[in-house]
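**Student:** Sequence and predicted model, in that order:
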Amino acid sequence: MTSKNKTIVATLLILAFLIAAVPLFALKGAEFGGSDDAGSQMISEIQGTEYEPWFTPVMETFIDGELPGEVESLLFCIQTGIGVGVLAFFMGRFVERKKWQEKGRS
């Protein structure tokens, strides 16, 4: 790797860290709520009545209550891992296909 590439990679890593860290320090004491909470609050403001969901989530009906935050995080991480695995598989296939095509031309 050339020194120019190393500089670009280092700069991008620092930029990614700053994008993640600055909001945490700039907005001390702020609540970082989810989109579900923000959406239901906005609907309540527009309609003037309390928001009532149309249905309960499937997992909550199975366990007869609300999922703990740790379980929600676990399910989200599993979903993310599966998505990353699928993307990495197809990206690897494309790279290998390109290598085999270039090898066949030689």
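**Tutor:** Received the coordinates, thanks. Here the structure is a predicted model, which is why all the values come from computation and not from measurement.
**Student:** So which residues make contact with whichever strand or helix holds residue 10?
**Tutor:** For residue 10, the host element (DSSP states H and E) is helix 3-26. Contacts to helix 3-26, defined as C-beta atoms under 8 Å, 6 or more residues apart in numbering, come from residues residue 1. Glycine gets a C-beta too; all of them are placed from N, C-alpha and C.
**Student:** residues contacting residue 101?
**Tutor:** Taking C-beta under 8 Å, 6+ apart, one finds nothing in contact with residue 101.
**Student:** can you offset everything so residue one is 59?
**Tutor:** Okay, using 59 as the starting number, the last item reads as residue 159.
**Student:** Would you pull up how far the helix or strand following the helix holding residue 68 lies from the middle of the chain?
**Tutor:** The element immediately downstream of helix 61-84 (helix or strand, assigned by DSSP H and E) is helix 93-105. Chain-centre distance of helix 93-105: 22 Å, with C-alpha atoms, centre = their mean, to the nearest Å.
**Student:** Now the following helix or strand past helix 93-105: average pLDDT?
**Tutor:** Sequence-wise, the next helix or strand downstream of helix 93-105 (DSSP H and E) is helix 116-121. The pLDDT scores in helix 116-121 average 82.
**Student:** I'd like to know how far residue 62 sits from residue 146.
**Tutor:** Separation of residue 62 from residue 146 (C-beta to C-beta, to the nearest Å) stands at 27 Å.
**Student:** same question but for residue 134, I mixed them up
**Tutor:** From residue 134 across to residue 146, the span is 18 Å (C-beta to C-beta).
**Student:** what does residue 60 give?
**Tutor:** Counting by C-beta to C-beta, the separation of residue 60 from residue 146 is 26 Å.
**Student:** now residue 123
**Tutor:** Residue 123 is 36 Å from residue 146, by C-beta to C-beta.
**Student:** residue nearest the centroid of the protein?
**Tutor:** By C-alpha atoms, centre = their mean, the mean C-alpha position of the chain lies nearest to residue 138, the distance being 7.1 Å.
**Student:** Next one, pLDDT for that one please.
**Tutor:** 96.
**Student:** For the protein, which helix extends over the most residues?
**Tutor:** What stands out as the longest helix in the chain, according to DSSP state H, is helix 127-163.
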